[in-house]
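Visitor: Build me a model from this:
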Amino acid sequence: MGKTKSYFAEKKMPNGKSKRKVIGKHGVYTLEQARTEAKRLLILMDEGVDPVKQKREIRASAIQNDALQKLVPTLTEAYQYYKLRKKLAETSLIAYDGCIENYFNDWKDLKLDQITSAMIIDRHLKLSEASPSRANLASKFLHALFNHTISRYKDESGNKILNIKNPVVIVKEEKAFNKIKRRKGHIRADQREAWALAVATTYWQGEQNNDYRAYTNQDFLFLLALTGFRRSEAESVEWKNVDLQFGTIKIVNTKNHEDLLLPMGDTLWHLMRERKKRAGNNKYVFTDRNGVSHISDRRAAREKVTENSGIEFTFHDLRRTFGTIANSLAIGSYTIKRLINHTTDDDDNDVTDGYIQVSFDDLKKAMNMIEDVVLTDISKALIKKRIYFDQKSIRNIQEKWIEHNNIIISKYYE
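Guide: Here you go, the predicted model:
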């Protein structure tokens, strides 16, 4: 203890230089406490550790961590960053926006390192009580958001800002993800004729007019059944991706991020040519009533077909129906995967997949085979012999339209 009445430890370092480290003032430390701390410091010095430098580094690290802590994003900020960096489909954006607003709204202003595993498992279990599938969606979304932020969110120097373990792994570790039965709904073989006939003969007011809205509900449902497209993919098809000269249709921004180019079956090709005649300068094949964007949420149309046919179905059931028909026709498995846009990534064990190229002719043949199963001759005739009315050109349009269809149908039952 020197004149300043402070305790210190001093020892020659392994490099031969003497190093002194102040322990603290007498009165703050007792003699016994100072001896204990001195022993600890002397051991460090004997091992070549400079306690002065160590303390300086600890202080600098604390300052840096404090600065990084201020940069840790809130849940809202992390989600905005996620949306900017990820190429998300419209349906994914809608689902994720719903997760933030409906399931994590009270966490929006919390920094990510304030959201704990305990909070997450509690929220998952609570959401599971109302909807097991939505609870799974919410937790999977949050897991992806944390992973993205932990690995990609950095300061100006390139340092990771969030140095934590993803807290959402607790859901998997606790085996709390809900087991959801895979949906198997589709239009059965004995229902297909009735379903297609119901679509072709269901009357939607205004859709017989001779303009871009003509037969929108009917064509939308047939497009789903004749291509296996997902609902959002079919809703947003643009005319620039429909080649009427060679009869192809392309979907971009797909779920697996790979564009899908398919030949159209003959009836679908005809259907698209007729739509194009009335499309004007519209961007989308299925333009909304305002003529600005594309259609969305056609549940009412689906429900009306169910009412008229007695056949309940979802839009995704039509995709499963497409795949089921393809399989029943003994179309090759690689052709089916190509038709429904499954890639080699969907089956990592199938090394042969990468070597097999499905020809355009094979795809065209398959599309026509599937079309012949979905559409009977009556349904095809109703599509190809459609009648269009100029607005206000005739009274009792519905009655005239039904009469026109009945004449077509009756010819097949004579």
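Visitor: Just confirm residue 273 contacts residue 244, I think it does.
Guide: Yes. At 5.6 Å, residue 273 counts as touching residue 244 under the criterion of Cβ atoms under 8 Å. Every residue, glycine included, has its C-beta placed from N, CA and C.
Visitor: which ones are touching residue 319?
Guide: Counting by Cβ atoms under 8 Å, 6 or more residues apart in numbering, residue 319 touches 224, 228-230, 340.
Visitor: middle-most residue in this structure, spatially?
Guide: With distances taken as Cα atoms, centre = their mean, residue 92 lies nearest the centre of the chain, 3.6 Å away.
Visitor: Next, give phi and psi for that residue.
Guide: Main-chain torsions, residue 92, degrees, to the nearest 10: phi -70, psi -40.
Visitor: Which residue in the contacts of residue 319 has the weakest pLDDT?
Guide: pLDDT is lowest at residue 340 among these; the value there is 86.
Visitor: ok, the closest residue to residue 237 other than its chain neighbours to residue 249 distance?
Guide: Sequence neighbours aside, residue 285 is the residue nearest to residue 237 in space, at 4.5 Å (criterion: Cβ to Cβ, 6 or more residues apart in numbering). According to Cβ to Cβ, to the nearest Å, residue 285 stands 9 Å off from residue 249.
Visitor: so what sits against both of the two?
Guide: 237, 242, 272.
Visitor: Quick check, the last one in contact with residue 245.
Guide: Put plainly, it is residue 272. No. Look at residue 272 against residue 245 with Cβ under 8 Å: they stay out of range, at 11.5 Å.
Visitor: picking up where we left off before, which of the shared contacts of residue 285 and residue 249 fall within helices?
Guide: Among these, the ones falling in helices (DSSP state H) are residue 272.
Visitor: And the shared contacts of residue 285 and residue 249, which is closest to residue 210?
Guide: Nearest to residue 210 among those, counting by Cβ to Cβ, is residue 272 at 16.8 Å.
Visitor: Run a quick neighbour tally on that closest one.
Guide: By other Cβ atoms under 10 Å, 22 other residues sit near residue 272.
Visitor: Nearest spatial neighbour of residue 382, chain-adjacent residues omitted?
Guide: residue 200 (4.1 Å).
Visitor: Give me the mean pLDDT for stretch 307-315.
Guide: 95.
Visitor: What of stretch 22-42?
Guide: 82.
Visitor: And that stretch, what's buried?
Guide: Across stretch 22-42, burial judged by 16 or more other Cβ atoms under 10 Å covers 23, 29, 34, 37-38, 41.
Visitor: Also stretch 179-197?
Guide: Of the residues in stretch 179-197, 186-187, 191-193, 195-197 count as buried by neighbour count, 16+ other Cβ under 10 Å.
Visitor: Then stretch 245-254?
Guide: Applying 16+ other Cβ under 10 Å to stretch 245-254 flags 247-249, 251, 254 as buried.
Visitor: Likewise for stretch 276-288?
Guide: For stretch 276-288, by 16+ other Cβ under 10 Å, it's 279, 282, 284-287.
Visitor: I'd guess residue 10 is in a strand, am I close?
Guide: Yes. Assignment of residue 10 by DSSP: H, G, I helix; E, B strand; the rest coil places it within a strand.
Visitor: Now do the contacts for the closest residue to it other than its chain neighbours.
Guide: Leaving aside its chain neighbours, residue 10 sits nearest to residue 20 (4.3 Å; criterion: Cβ to Cβ, 6+ apart). Contact analysis of residue 20 by Cβ under 8 Å, 6+ apart lists 8-10.
Visitor: How about residue 275?
Guide: Contact analysis of residue 275 by Cβ under 8 Å, 6+ apart lists 212, 214-215, 219, 285.
Visitor: any idea how far it is from residue 318?
Guide: Separation of residue 275 from residue 318 (Cβ to Cβ): 19 Å.
Visitor: Same check on residue 42?
Guide: From residue 42 over to residue 318 (counting by Cβ to Cβ), the distance is 79 Å.
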